[in-house]
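Student: no sequence on this one, just coordinates:
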């Protein structure tokens, strides 16, 4: 496998050429990535010449609708699922809330759901609200010291009353990659639905959702180099089982059933730029190779992960060697995403401000993962310093980060 060409990659992100961002090193990608040029180009074109009601009879309207369809078709193909399975919504939190309302119509007293305390609140809070409808809530808890979710502890919670398990592909503060395919396969055998929060994993390469087998998989386009949209992929089985949450006349259209409000046409269309970018990476690194969309994505996914893992391990080793910080999550890069949270005697937001003066753009706080921090004995008000990067981060960026940590932490 070739090595990732970071010069080629960074040339696709205008932020790296912005005068105001020179001398700044971006390590808060888990909060939202830079936007790639193909997405910006498509968004600009839509607002210039397609900003009309789509799917009409006139040329501009036809083009608008075609671009929206293209985004859905191409992203679904990259992730190995049917076009009809992919829906857009205003955010992952909003999408999860809508799905929880649909579950509320199907579940009641006598039914149980399982959630974790490792999740971002987006894939925890909406499901927890079902307790008000009489649904029993069970919590799959993380290990206090490691933040790990023990799969055996999940099966100890499962019985015939459990109808849904909601858990993260990886946590936005722990970073450990959970064995999604293994868990979802066992849940399906037991007749239990699965809802996987992929927000913190997808930025590091869209997964093969056909292979993962989740009934619900959610992530955010604005963290995967695109516009501020939430993307959800639903299995045909759960789409048929859940009641329609949209206008009654859209009940037979799978990708409309769980989008109560009209979509943001321009942002949906611009999401096709994410597929443009993935295809450009594949063509550059594997010239002359003909491959199906899912195979192209798998190759690019592996390129991204290999680059990120190589950068991540030295950071983990550095933090683990310090006696004044606590590193959350695994210390082996291959077991986690490059979303690294640490605790220190100084509050996380204060540390982020200190690093900002050294040119490091990082985050400090609880990051909507209050339950995960509390589950590890950390006060959310004190918070953590979070250092997160993606494949466009360079070796020079990492070297600058390590230097700044040495001088300012």
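Tutor: It's in. Only a predicted model underlies this, so the values are computations on that prediction, with no experimental measurement involved.
Student: any idea how far the spatially most central residue of the chain lies from residue 309?
Tutor: Taking CA atoms, centre = their mean, the centroid of the chain lies closest to residue 199, which sits 1.6 Å from it. Separation of residue 199 from residue 309 (CB to CB, to the nearest Å) stands at 20 Å. Yep, even glycine has a C-beta here, placed from its N, CA and C like the rest.
Student: with residue 102 instead?
Tutor: Residue 102 is 38 Å from residue 309, by CB to CB.
Student: so which residues of the stretch 151-300 of the chain form helices?
Tutor: 151-157, 180-189, 209-212, 236-241, 265-270, 272-285, 293-321 (DSSP state H, counting those that start in this stretch).
Student: between the ones you listed, which gets nearest to residue 195?
Tutor: For the helices of the stretch 151-300 of the chain, proximity to residue 195 was assessed by CB to CB; helix 236-241 is nearest, at 9.0 Å.
Student: for that closest one, give the mean pLDDT please.
Tutor: Mean per-residue pLDDT for helix 236-241: 97.
Student: buried residues in that helix, which are they?
Tutor: By 16 or more other CB atoms under 10 Å, the buried positions in helix 236-241 come out as 238-239.
Student: now stretch 209-226
Tutor: Neighbour-count burial for stretch 209-226 flags 209, 212-226 (criterion: 16+ other CB under 10 Å).
Student: now, of the helices of the stretch 151-300 of the chain, which is deepest in the fold?
Tutor: helix 265-270 (a mean of 24; mean count of other CB atoms under 10 Å).
Student: just the residues contacting it, thanks.
Tutor: 39-40, 42-43, 46-47, 50-51, 54, 64, 67-68, 70-72, 88, 221, 226-229 (CB atoms under 8 Å, 6 or more residues apart in numbering).
Student: quick check on those: which are buried?
Tutor: 39-40, 42-43, 46, 50, 54, 64, 67-68, 70-72, 88, 221, 226-227, 229.
Student: in helices, which of those appear?
Tutor: Under the assignment DSSP state H, the buried ones among the contacts of helix 265-270 contribute 39-40, 42-43, 46, 64, 67-68, 70-72 to helices.
Student: taking those residues, tell me the two that lie furthest apart.
Tutor: Of all pairs drawn from those, the one with the longest distance (CB to CB) is 40 and 72, at 19.6 Å.
Student: now find how far off-centre stretch 385-402 is within its chain.
Tutor: Averaging C-alpha coordinates over stretch 385-402 and over its chain gives two centres that are 19 Å apart (CA atoms, centre = their mean, to the nearest Å).
Student: in that stretch, what's buried?
Tutor: 385-394, 397-398, 400-401.
Student: and those residues as JSON lines, adding distance to residue 184?
Tutor: Below are the buried residues of stretch 385-402 laid out as JSON lines (distance: CB to CB, whole Å):
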{"residue": "385", "distance to residue 184": "33"}
{"residue": "386", "distance to residue 184": "28"}
{"residue": "387", "distance to residue 184": "30"}
{"residue": "388", "distance to residue 184": "26"}
{"residue": "389", "distance to residue 184": "28"}
{"residue": "390", "distance to residue 184": "25"}
{"residue": "391", "distance to residue 184": "26"}
{"residue": "392", "distance to residue 184": "30"}
{"residue": "393", "distance to residue 184": "30"}
{"residue": "394", "distance to residue 184": "35"}
{"residue": "397", "distance to residue 184": "35"}
{"residue": "398", "distance to residue 184": "34"}
{"residue": "400", "distance to residue 184": "39"}
{"residue": "401", "distance to residue 184": "35"}
